[in-house]
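Colleague: Have a look at this prediction, sequence included:
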Amino acid sequence: MNKQDSYVTADGRTIGATVMEMKNITLRFGGVTAIKDISFDIREGEVRAIIGPNGAGKSSMLNVINGFYHPQEGEVWFHGERRHAMKPHQIAKQGIARTFQNIALFKGMSTLDNIMTGRLTHMNSGMFSQMMWWGGAQAEEVANREIVEKVIDFLEIQAIRKTPVGRLPYGFQKRVELGRALAAEPKLLLLDEPMAGMNVEEKEDMSRFILDVNDEFGTTIALIEHDMGVVMDIADRVVVMDYGKKIGDGTPDEVRNNQAVIDAYLGVAHD
Amino acid sequence: MTNITTAGALDTVPRLLARNAKVYADKAAYREKEYGIWQSWTWAQTSEEIQALALGFLTLGMKEGDHIAIVGRNRPYFYWAMVAAQSVGAVPVPLYKDAVAEEMAYVLDHCSARFVVAEDQEQVDKIIDVMDDLKTLDGIIALDSGGMRKYEKSALFNYRELQQTGRDKKSELQAELDKRLGDQGPDTTCVMLYTSGTTGRPKGVVLSNRNIIETAKGTCEFDHLVADDSVLAYLPMAWVGDFIFSIAQAYWSGFCVGCPESQETMQKDLNEVGPTYFFAPPRYFEGLLTSVQIRMEDAGPFKRWLFKTFMENAKDVGPKLLDGKSVGLVERLKYNLGKILITGPLKNTLGLSRVRVGYTAGEAIGPELFDFYRSLGINLKQLYGQTEASVFITQQRDGEVRADTVGTPSPGVELRIDDNGEVFYRSAGSFERYYKNPESTKDTKDPEGWVATGDAGFIEKDSGHLRIIDRAKDVGKLKDGSMYAPKFVENKLKFYANILESVVFGNGKDNCVAFINIDLTAVGNWAERNNIAYSSYQELAGHPKVYEMIQANIEEVNASVAEDEMLSGCQITRFLILHKELDADDGELTRTQKVRRSVIAEKYADLLDALYDGSTSIFTETEVTYEDGRKGEITATLEIRDAATYDRKKVAA
């Protein structure tokens, strides 16, 4: 199969061309090699999962994808351009949004304000205009608020709109974080363990939201997850990592039957 | 625009709409909070939206007499769908949105529904699940098509797209629509509502335009409801009350119907809308009072003192002022000061500050509870009604409000009590028939139009007020021949904040026993304040301290039951606290939250036996149904306790 051909999945979604390509990535922290010579791609409109045991280098990989880490070796291609080391504000503007493994929200601010911060990169009015609440700033806030309200409606969190997020239960905080990422209207959405610490019902809700985001807005999603059941249910393709190396890549079924993957999860003696 | 309005021809709901679109063109008809902002539609806009949908319905080939099911939460779009269905001569059948697929299948099959207007993926999925068995169903119209892009499209339509199709084909189809509107009259079926079915399968109650409009007319005049009033529509659309308040009375008077943003935001939305006309079941008022009490217990001493002082004064003065009785100057000044400091702000927080007419019904309401709201200056009254009567049978007149009666007959209602104590009524609002069920119709409504309510009660000689004792079929006799009315005792028990629900048994036995459900909010809060640790509902319910507290409540009730001449035999001798909350998903309650006594007796037969055989504890396994329909099992060992009973004569002396 030619990788650049777009195709339609069994459930009717269109998977397009490659949006991001990792070529022979190696990432080191001093003497520790976190990622060793890994290559894979992410295609438009797909749900791409990265799995692996603890310490496999999954979160580091996510940080390479969003540009927070720049690999010592290898190339990252995003939308047909080779990526160079970037400053944080450049990282923020490239259209990749993410959520964090251990929720990183502004605890004292309301749900609404937290999600509103997701719109920051879309605000262009000057400081003076914002201070005076005049002209461009006002129109901009109204437009951005409308987008945020649609996100709130989508995630069904109207009832906690004005509640400080520090007072919300864990499952809702996770949802608010997803909301903030969605508000940025990202081309690529990165989710770092979106189901961690959730009960079955919360996982089902979150899975539904992830699939709906992908389905409704056509957002490309890359996610790290520990819960195999969830990954196998919602991902189109899965990359499996172990000790910084890629040991498997393919559809959930292919990965499930891959001997190296089975060994990594069930455990065998390492050289 | 349709021009069928002539004076004196306001005999169908679509004709009321046409009048409102003219007379109240620029007045708000519907409001809904969406995207954090209140959106509103004037009567003129509403009329246009409904017409567009009605035309859209015509393009689907909807015929006169078709049944159109409507399932979703209270949103303007679904109220429009009801009136649009009526406009093309079809019969709207609103369903309970939290009904499981098989319950829905029964109703859809029974009424041979041709189309369903559904809210979103959740509802559509349920219908698709059962669609293969529904031969008559030709299509689903979804308001929110989110998540359904990959669904098979041939029988799935989008609400707004359908409206657009209707608008596009207006020139072709307007004549047909006008003809259908013109053909309707007072005898045309206005709506079909399924009763929640305390016993057996739900029955489809057919209500004609005459039933609905005569009821709306009489009751709007009774309470002086006008176009400037407003309501918040938050109760299930499948319930007759919502149809009467949010469509019949709203269209008759031209007042505005507000719809909350979601079920969870209802309290906030209520506060923002500030309705002038408000209905809630006793359960709601109880929950609200419990939350106020919990918050007051957490408040500082000064605030508690303020609350106590002014509430005491308000309890005395508030009801008197509402009833127009005279009050001393000092008391009146104190009441007004309280209004500024306590009662006013409290009313505002509860969202009830503008309520001019408030009703509660469905269950008996505790006198303290009732007085609390009346002392705040809220004109809360009781009514007695049922689906078959288009709600209203009796209601309380301003100035004649009491906690223990349900008032005098509503306008145009005749009342009669038969020899067994059962209440019968005859009115313009009484239903036409049960759909496809002539037998039940005959059993309930006699040829002269008298309808049996199934409730036992009596009319007070002095005041003419009706008092309801219990369901007629639940009233029985104990072994010694004294009267047994479980509801009478259950209601007394439920007035305690700790007790959410109780089920009393004893027909044909020596004495009465009870199952108790604790109120998790109230008891949980009490446990927190008293350092009682618990990890689950079950553990809290079985805690010895909780048992002690409930036992004290039961013994107080026994003392009060002992004072009643007829019913003193109904004192509770033994009880247990159930390890799970009674739930509609398990079939233990109806969807309107009424106890299904026989189901519970059957399901917990082991517990019931244990209550009578003298054992002090019992091990039991119970099947529970989760929201998604899966089943599980819980086990528990329940303690059974004796409660002290009182001799009637001793108390009387």
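Modeller: Sure, I can see it.

Colleague: residues contacting the residue of the stretch 351-500 of chain B found nearest chain A?
Modeller: Here the residue of the stretch 351-500 of chain B nearest chain A is residue B:351; by CB to the nearest CB that distance is 15.0 Å. For every residue, glycine as well, the C-beta is placed using N, CA and C. Contacts of residue B:351 were listed using CB atoms under 8 Å, 6 or more residues apart in numbering or on different chains, and they are B:267, B:270-275.

Colleague: quick one: the top strand by length along chain B near chain A?
Modeller: Looking across chain B with DSSP state E, the single longest strand is strand B:631-642. No: judged by CB under 8 Å from any CB of the partner chain, strand B:631-642 stays clear of chain A, getting no closer than 12.0 Å.

Colleague: mind listing what's buried in that strand?
Modeller: By 16 or more other CB atoms under 10 Å in any protein chain shown, the buried positions in strand B:631-642 come out as B:636, B:638, B:640-641.

Colleague: among the contacts of residue B:351, which ones are buried?
Modeller: Using 16+ other CB under 10 Å, the buried ones in the contacts of residue B:351 are B:267, B:270-271, B:273-275.

Colleague: What is the nearest of those to residue B:171?
Modeller: residue B:273 (38.6 Å; CB to CB).

Colleague: The closest one touches residue B:233, doesn't it?
Modeller: No: if you go by CB atoms under 8 Å, residue B:273 and residue B:233 don't touch, sitting 10.1 Å apart.

Colleague: Can you pull the residues that touch both of those two?
Modeller: By CB under 8 Å, 6+ apart, the residues touching both residue B:273 and residue B:233 are residue B:258.

Colleague: what mean pLDDT would you report for stretch B:99-107?
Modeller: For stretch B:99-107, mean pLDDT rounds to 90.

Colleague: buried set for it?
Modeller: Neighbour-count burial for stretch B:99-107 [16+ other CB under 10 Å]: B:99-100, B:103-105, B:107.

Colleague: for the stretch 251-400 of chain B, what spans make up the helices?
Modeller: B:266-273, B:282-298, B:301-322, B:329-338, B:344-350, B:367-375 (DSSP state H, counting those that start in this stretch).

Colleague: now do the stretch 51-200 of chain B
Modeller: Listed in chain order (using DSSP H, counting those that start in this stretch), the helices of the stretch 51-200 of chain B are B:76-87, B:101-110, B:121-130, B:159-168, B:170-183.

Colleague: In stretch A:182-197, which residues are buried?
Modeller: Buried-residue list, stretch A:182-197, by 16+ other CB under 10 Å: A:182-196.

Colleague: So which of those are in strands?
Modeller: Per DSSP E, the subset of the buried residues of stretch A:182-197 in strands is A:188-192.

Colleague: Verify the stated contact: residue A:188 with residue A:20.
Modeller: Yes: if you go by CB under 8 Å, residue A:188 and residue A:20 touch, sitting 6.8 Å apart.

Colleague: which residues are in contact with both of the two?
Modeller: With CB under 8 Å, 6+ apart, residue A:188 and residue A:20 have common neighbours A:42, A:65.

Colleague: mean confidence score for stretch A:129-139?
Modeller: 78.

Colleague: can you list contacts of it?
Modeller: A:124-126.

Colleague: Swap in 10 Å and give it another go.
Modeller: A:123-128, A:140-141 (CB atoms under 10 Å, 6 or more residues apart in numbering or on different chains).

Colleague: cool, stretch A:107-118 as well?
Modeller: So stretch A:107-118 is in contact with A:97, A:105-106, A:123, A:141, A:144-145, A:147-149, A:151-152, A:155, A:157-168, A:172-173, A:175-186, B:36, going by CB under 10 Å, 6+ apart.

Colleague: buried set for it?
Modeller: A:110-116, A:118.

Colleague: Adding secondary structure and distance to residue B:622 as columns, could you present those residues in a markdown table?
Modeller: Formatted as a markdown table, these follow (DSSP: H, G, I helix; E, B strand; the rest coil; distance: CB to CB, whole Å):
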| residue | secondary structure | distance to residue B:622 |
| --- | --- | --- |
| A:110 | strand | 41 |
| A:111 | helix | 38 |
| A:112 | helix | 42 |
| A:113 | helix | 45 |
| A:114 | helix | 42 |
| A:115 | helix | 42 |
| A:116 | helix | 47 |
| A:118 | coil | 46 |
